[in-house]
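1. Okay, predicted coordinates and the sequence, questions at the end:
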Amino acid sequence: MPREPAPGNAAAAVTARAVPAATGRDPARADLPASGRDPEAVARFIERFAAVLAEAGIARMPARVFAALLVTDSGSLTAAELAELLHVSPAAVSGAVRYLSQFGMVSRERVPGSRRDRYRVLDDVWFEASARRDPILASWESASREGIELLGGDTRAGQRFAQSVEYFEFLRQELDGMMARWQARKNGRAPDRR
């Protein structure tokens, strides 16, 4: 039986339960931080990484949940595991997961034979999140075109919207090419530099 860490140290508790002393890593709990990692250092990293995401505009609690999922080898935790690891309520986790799901950053999976759900981050999550930007850019482009029609293309405001349309068109074209180059690079082919 593994030794339980001091109360109040959830990161250490999660790590201790993840690794039975006699048998090594428990495959059923492979989703929790691996043994040999300093649980306090992992907890600090989660907070640092979440702060970077929050500075980029992701809400703080979803950023923490996302970072917690990223540090697991499986990329998957239950709501209870996330709540314990982050010292937050299950309701906070639920709201964060709902937020992240809207942007395709996590998915929910039912644990077989259980009423519990697991939340998973995709291995190629940044690609997937970037790929979902095209519809957003298309809607901004469309709204900008409407602005040109309403304000007139010969006005300063209309010209500002025209430049926005041009930028969004450019960005969408570049994004398509960039995504294709990333897939080629990831698959080991020489990327087309067009």
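-> It's in. This is a predicted model, so every value here is computed, not measured.
2. hey, let's count contacts and neighbours off CA atoms from now on
-> OK.
3. quick check: domain ranges of the protein?
-> Domains of the chain are assigned by automatic domain parsing as 10-122, 132-186.
4. deepest of those domains, which one?
-> Most buried of the domains of the chain, by mean neighbour count (mean count of other Cα atoms under 10 Å): domain 10-122, with a mean of 17.
5. ok, back up a step: tabulate the domains of the chain (CSV), appending mean pLDDT.
-> Below are the domains of the chain laid out as CSV (pLDDT from 0 to 100):
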stretch, mean pLDDT
domain 10-122, 80
domain 132-186, 92
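6. so which strand or helix has the closest residue to G153 other than its chain neighbours?
-> Leaving aside its chain neighbours, G153 sits nearest to Q159 (5.6 Å; criterion: Cα to Cα, 6 or more residues apart in numbering). Assigned by DSSP states H and E, Q159 falls within helix 156-186.
7. elements contacting that helix?
-> Applying 3 or more Cα pairs under 8 Å, 6 or more residues apart in numbering; DSSP states H and E, we find helix 156-186 packed against helix 133-151.
8. Need the contact partners of the helix it packs on.
-> With Cα atoms under 8 Å, 6 or more residues apart in numbering as the test, helix 133-151 has contacts from 157-159, 161-162, 164-165, 168-169, 172, 175.
9. could you dump those residues to CSV with distance to E84?
-> What follows is those, written out as CSV (distance: Cα to Cα, whole Å):
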residue, distance to E84
A157, 51
G158, 52
Q159, 53
F161, 48
A162, 50
S164, 45
V165, 46
F168, 42
E169, 45
R172, 41
L175, 38
